[in-house]
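A.B. asks: prediction below, plus the sequence it came from.
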Amino acid sequence: MQTLYDSATRRVDLLFDSPDELQKYLTKIRSRGLFIVRLPEPPQIHQTLSVRLRSQTGEISIESEVQQIFRSGATEHGVALRPLAELPDLPATEAPRATDDTREITAAAEEETNRRSETTGVSIAVDIRRLNVSQRMRLATKASRLERQVLLRDNSPQVLMALVANPHIDEQEVRDLVRSPHAASGVLQHVAKDRRWSANYEIRLSLIKNPKTPTPLAQRLLPSLRTPDLQTLAKSPNVREAIKGAALRLYLEKL
């Protein structure tokens, strides 16, 4: 995705490589209610920006309000935006029918892509290991999927906090993060306080199970669990006694 910003007209253009990429971005905005863009100069808090999302096959415009601004690099500012109206749908496009020849070509292309992805993933991991903490933090805020998979195993809490702020990170990646032994207590608390992630049942359950999640926070999340999961926690030898006892009490209350 490429970002263009005209501060005079308060317009942001987000250019996507494909309609699928644009559609996935719209889906994330709908699920989170916010999206983040990186601009060379910061607008004002609560200022309205006109955001245009464009791909080869069409475009839509979103009037959005600036909710938060934070520094995301030496020359960039991360800007959290909230749409002021319901997002429109993209115009439907008819997909071409697949023939036997195109299926064979597609299968071969996918195989080659997978092979290159594996090689690229190793190269990316080596490159990231050469960066210092500050450089990895800057990368984490805009990392690609392959880069995020490497950074999810990072030992630095600052890097993981920056990774959670990445607008492209998805729920599966956050679940992997809260299950990770590398996630520090502060990172887990940050995830729990973010309504985008705490609304996800599997993320809440993983937070409760992680021994680094502060006990009071884990106990506050317990009432939202289903009865079978409360029973499992109450019997698990790998769960803290305070959590096991609280889970057992809630389980008995629900019988």
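C.D. replies: Sure, I can see it.
A.B. asks: what about the closest residue to residue 160 other than its chain neighbours, neighbour count?
C.D. replies: Nearest-residue entry for residue 160: residue 187, 4.7 Å, with adjacent residues in sequence omitted and distances by C-beta to C-beta, 6 or more residues apart in numbering. C-beta: built from backbone N, CA, C; applies to glycine. Neighbour count of residue 187, defined by other C-beta atoms under 10 Å: 23.
A.B. asks: per-residue confidence for residue 187?
C.D. replies: According to the model's per-residue confidence, residue 187 sits at a pLDDT of 93.
A.B. asks: before we move on, what about residue 57?
C.D. replies: Residue 57 carries a pLDDT value of 74.
A.B. asks: numbering from 45 from now on, please.
C.D. replies: Taking 45 as the first residue, the last one we looked at is residue 101.
A.B. asks: which residue sits closest to it, ignoring its sequence neighbours?
C.D. replies: Spatial nearest neighbour of residue 101, excluding adjacent residues (C-beta to C-beta, 6+ apart): residue 63 at 5.0 Å.
A.B. asks: right, and that neighbour touches residue 100 too?
C.D. replies: Yes: here residue 63 lies in contact with residue 100, judged by C-beta atoms under 8 Å, at a distance of 7.1 Å.
A.B. asks: so which of the two has more stuff around it?
C.D. replies: residue 63 (15 against 12).
A.B. asks: residue 196 contacts residue 222, doesn't it?
C.D. replies: No: with contacts defined as C-beta under 8 Å, residue 196 does not count as touching residue 222, sitting 10.5 Å away.
A.B. asks: the two: which is more packed in?
C.D. replies: Using other C-beta under 10 Å as the criterion, residue 196 and residue 222 rank with residue 222 on top: 25 against 21.
A.B. asks: you'd agree that one is in a helix?
C.D. replies: Yes: Residue 222 sits within a helix when classified using DSSP: H, G, I helix; E, B strand; the rest coil.
A.B. asks: that one contacts residue 232, correct?
C.D. replies: Yes: the pair residue 222 and residue 232 qualifies as a contact (C-beta under 8 Å) at a distance of 6.0 Å.
A.B. asks: spit out the residues that contact these two alike.
C.D. replies: Between them, residue 222 and residue 232 share the neighbouring residues 251, 254, 257, with contact defined by C-beta atoms under 8 Å, 6 or more residues apart in numbering.
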